[in-house]
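K.L.:
below is the structure, and that's it, no one-letter string:
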């Protein structure tokens, strides 16, 4: 029983509230200090973490006894690096936002801080109902940030985003309550604690429909084909810090939910839908890659490439194989960091082209900006999973996992790796080389953005050099997570 | 022959248990009398003050007589003062207090007469208490009429506004149809069972002579439920709701929306679960069907609304559908979830209506949605309160509405109505479309269409109220909005007090599983 996780969890919110009480100019620094403190705390946690030690720094308290909801937090290999990803992503995004002119800054930074608390909460929660509380709470700050500080038809975009996401997550809420109620043995107390639910059994038929409700929520969030309808408008209209976080971190909460909740608690149900989910994943890989190739707006290239990447991650999870799940977790971290860096670079590039994010109007950016070009190149190569990058390791692990049992899907998914090279190289060339665009002014990256992007690139390189740092620490947890579903799968195969 | 007086036995009356009822009944008379005195002080200060005193006394007395567990009906089985009745009474009193606060600077009491206005309000509250306590069919009907008749008048108290009069008349006509249907149903139930007492009916159903599928009884139940559905604005008997809510003076709308709903659901619970629990298999599916229709109709109907009052009216229809889910299952958990949600429903609706009241007095757009455009910049606190109310109504976490819906779905699934739980969720998703529109209008008003910022009006109210009164001139409205917004968040994070109350109210009907 420790209080550490609660401190990390509520620190951003506290600084957000503090910022709202301080004079106008100070809100941003308060929140920035909060995100940096969270990062420091997370680094300390990484160093202190015992690989294979199960749940650590557990906090377990009553919250709403009447409904069986507990305030239960904990960290193990599954969420350790996702928490780290959250902490790492929030700092540069807050930094960039802090140096930008912001309308109503107190409110904006309050939402930014609340967003971090909600995401951290979703990753740390060890109680299903608590997870859902944070999962839904994430929407509120992002709804306001997109709607209040976005561009273009932002109200429409943010409404669509929220309705899509909530349609999924409220159905998940119904599914979760049903799971809690139906799993309660006669005369027993209702409980949503994940460890408790794992002990209790629910019939296979019930598992099937509940898994479907959960999958709906997670696939919308990810997003996966065909539930990605909110993506183009939201990506186009969001402020850059918001969309970077949305794409890098929020999308991971959904797929993380599969590993944390769906597979361990409802193995039979997961097994039942395995084929369908893999097909959706493979479809997303192809669909995302092809659309990424045909986009003109740089943001949308990243948006569709994310759909493809998330497809890979889901493929890895539902291969029900050690390597696949390993790769999925590694890839979640990789993709998150790469995407934050990509979006920040996009914002730098757009600032040099009169705000334009259209590939047709960009070009020749590299002339007088070698540092910017180098950073962009590294991020591009990492995104397209160049051998030597952690993304390469992640995708290879996922494909190995898929080849093991689902050979055909593995082969089809491999095409996605090739396509990624095509669309990312295309973006890099069009932006950095080619003929200089009409409004483009080639300028070196400024200090603030350098300070935001360079550490991310350093993390990308470090992960590429030593991916085992992640793999070693996550191995036990991921294996345990898919164990149930895998053994069910083997039973089915044996029959 | 002279009948000897000694043989007439007056029923034993438990005055202690009846004291809250008498507080508002007596208060109503005192207020009416005080209103006869002339003088501005008496009218604008003393009369509302007496009303508040009467309501606070009633709340105090409720706490005094609060006793969990099954109680025996008093006054020859006419009323049953148990925790269910007392608990919802607190909601009526709270709604009454809010209504007094919102009415202080309203047009309605000035035009209709201060004494009459507040006396009618207290009268209606008394009717609600009688209805919630009733334990036989006669008291039920008396309570319902005592509740309704003052409300018909109150709806029409803005005498100079035609829509107010229209609203009162419409409510009268439709309410009377509802009452007539109800009365017919009660008569048939009496005909089938031969008794008017709820306990007697339950005993008759348990006996061999009467089957639960007796056509006379079923028709009676159906007609009674229809009559009550009018009051609770359950679809398809909800058509009056938007018109009446919009036309009535907004403080009265607030009161109607929260208190009438609570009263109607209290009697739903009591009638169905203490008199007709054995017929649950008959009325359960029928009510579930009504809930389905109500949730869909209410949420879809709210989407195209421009007027905030109409929007909240449709939303209240949808919320009635959610509440029905707790009644349908006929379990103790269902009852607790229903009363819990009634309390939550009161809190979040009061917040929303208080903001509407504050804005419609200042803005030239009345209750149109444009009256709150860019409210986030004009008065951020009001906008924050409205946002919390909307998010809570929509069921976002960290608000009381989330816990309330959670509890209802819990009860629905546990009562083998899992599909109804999913339907609640589907309804919530649809409801995002209009709740979020309100939020977006306040915070995300488009830059290109930015309305000219409303200049701060600093005109001091001349005679208690003036159309130019700004927020500072009506601090009580802003205070109500903010206080209830804080409660919405508070009960979203720490709902234990409400759960405790709900659990004690759940003990009142011992027959429940």
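P.N.:
Yes, it's here. Treat the numbers as computed from the prediction; the structure is a model and nothing was measured. Numbering: from 1, shown residues only, chains lettered A, B, ... in the order given.

K.L.:
now the element after the helix or strand hosting residue A:121, going C-ward?
P.N.:
Using DSSP states H and E, residue A:121 sits within helix A:105-124. Next along the chain after helix A:105-124, taking DSSP H and E as the criterion, comes helix A:128-137.

K.L.:
so which elements touch that following helix?
P.N.:
Helix A:128-137 sits against strand A:69-75, helix A:105-124, helix A:154-183, helix A:251-257, helix B:400-414, with contacts defined as 3 or more C-beta pairs under 8 Å, 6 or more residues apart in numbering or on different chains; DSSP states H and E. All C-beta atoms are positioned from the backbone trio N, CA, C, and that covers glycine.

K.L.:
what's the average pLDDT for the longest one?
P.N.:
Yep, that's helix A:154-183 we're talking about. For helix A:154-183, mean pLDDT is 90.

K.L.:
could you do stretch A:442-453 as well?
P.N.:
Mean predicted confidence for stretch A:442-453 is 88.

K.L.:
start and end of it, how far apart?
P.N.:
18 Å (C-alpha to C-alpha, to the nearest Å).

K.L.:
likewise for stretch A:45-59?
P.N.:
15 Å.

K.L.:
go ahead and name everything in contact with it.
P.N.:
A:1-6, A:8, A:71-77, A:80, A:83-84, A:126, A:472-473, A:475-476 (C-beta atoms under 8 Å, 6 or more residues apart in numbering or on different chains).

K.L.:
tell me the buried residues in that stretch?
P.N.:
Of all the residues in stretch A:45-59, those buried under the rule 16 or more other C-beta atoms under 10 Å in any protein chain shown are A:45, A:49, A:55-59.

K.L.:
gap between that stretch and the chain center?
P.N.:
Chain-centre distance of stretch A:45-59: 21 Å, with C-alpha atoms, centre = their mean, to the nearest Å.

K.L.:
cool, stretch B:132-147 as well?
P.N.:
The answer for stretch B:132-147 is 16 Å, by C-alpha atoms, centre = their mean.

K.L.:
quick check: which element contains the closest residue to chain A within the stretch 201-350 of chain B?
P.N.:
Residue nearest to chain A within the stretch 201-350 of chain B (C-beta to the nearest C-beta): residue B:336, separated by 8.6 Å. Using DSSP H and E, residue B:336 sits within helix B:332-362.

K.L.:
so which of the helices and strands packed on helix A:128-137 is the most surrounded?
P.N.:
Mean neighbour count, computed with mean count of other C-beta atoms under 10 Å in any protein chain shown, is highest for helix B:400-414 among those, reaching a mean of 28.

K.L.:
could you point out which element follows that one?
P.N.:
helix B:418-443.

K.L.:
check which helices and strands that next one is in contact with.
P.N.:
Short answer (3+ C-beta pairs under 8 Å, 6+ apart): helix B:418-443 packs on helix A:139-149, helix A:154-183, helix B:280-302, helix B:308-328, helix B:375-378, helix B:380-394, helix B:400-414.

K.L.:
mean pLDDT lowest where, among these?
P.N.:
Among the helices and strands packed on helix B:418-443, helix B:375-378 scores lowest, with a mean of 85.

K.L.:
residues in contact with that one?
P.N.:
By C-beta under 8 Å, 6+ apart, helix B:375-378 touches B:359, B:382-383, B:386, B:441-443, B:445, B:453-454.

K.L.:
chain center to stretch B:140-153: distance?
P.N.:
13 Å.

K.L.:
now stretch A:426-436
P.N.:
Using C-alpha atoms, centre = their mean, the offset of stretch A:426-436 from its chain centre is 28 Å.

K.L.:
next: stretch B:504-513.
P.N.:
22 Å.

K.L.:
list the contacts of residue B:129.
P.N.:
Contacts of residue B:129 (C-beta under 8 Å, 6+ apart): B:20-21, B:24, B:85, B:89, B:92, B:143.

K.L.:
where's it relative to chain A, distance?
P.N.:
27 Å (C-beta to the nearest C-beta, to the nearest Å).

K.L.:
what's the neighbour count on residue B:497?
P.N.:
11 (other C-beta atoms under 10 Å in any protein chain shown).

K.L.:
so the residue in the stretch 251-400 of chain B positioned nearest to chain A, which of the three states?
P.N.:
Per C-beta to the nearest C-beta, residue B:397 is where the stretch 251-400 of chain B lies closest to chain A, at 4.1 Å. For residue B:397, the assignment made with DSSP: H, G, I helix; E, B strand; the rest coil gives coil.

K.L.:
now residue B:178: closest residue in space that isn't a chain neighbour?
P.N.:
Using C-beta to C-beta, 6 or more residues apart in numbering or on different chains and skipping residues adjacent in sequence, the residue nearest residue B:178 is residue B:230, 3.0 Å away.

K.L.:
I'd guess the one you found is in a helix, am I close?
P.N.:
Yes: assessed by three-state DSSP, residue B:230 belongs to a helix.

K.L.:
what mean pLDDT does stretch A:191-203 get?
P.N.:
88.

K.L.:
check the burial of residue B:490 by counting its neighbours.
P.N.:
By other C-beta under 10 Å, neighbour count at residue B:490 equals 15.

K.L.:
next one: residue A:6
P.N.:
Neighbours of residue A:6 using other C-beta under 10 Å come to 16.

K.L.:
for residue 195, list the residues it contacts.
P.N.:
No chain in the question, so chain A it is. residue A:126.

K.L.:
wait, chain B was what I had in mind.
P.N.:
Taking C-beta under 8 Å, 6+ apart, one finds B:201, B:204 in contact with residue B:195.
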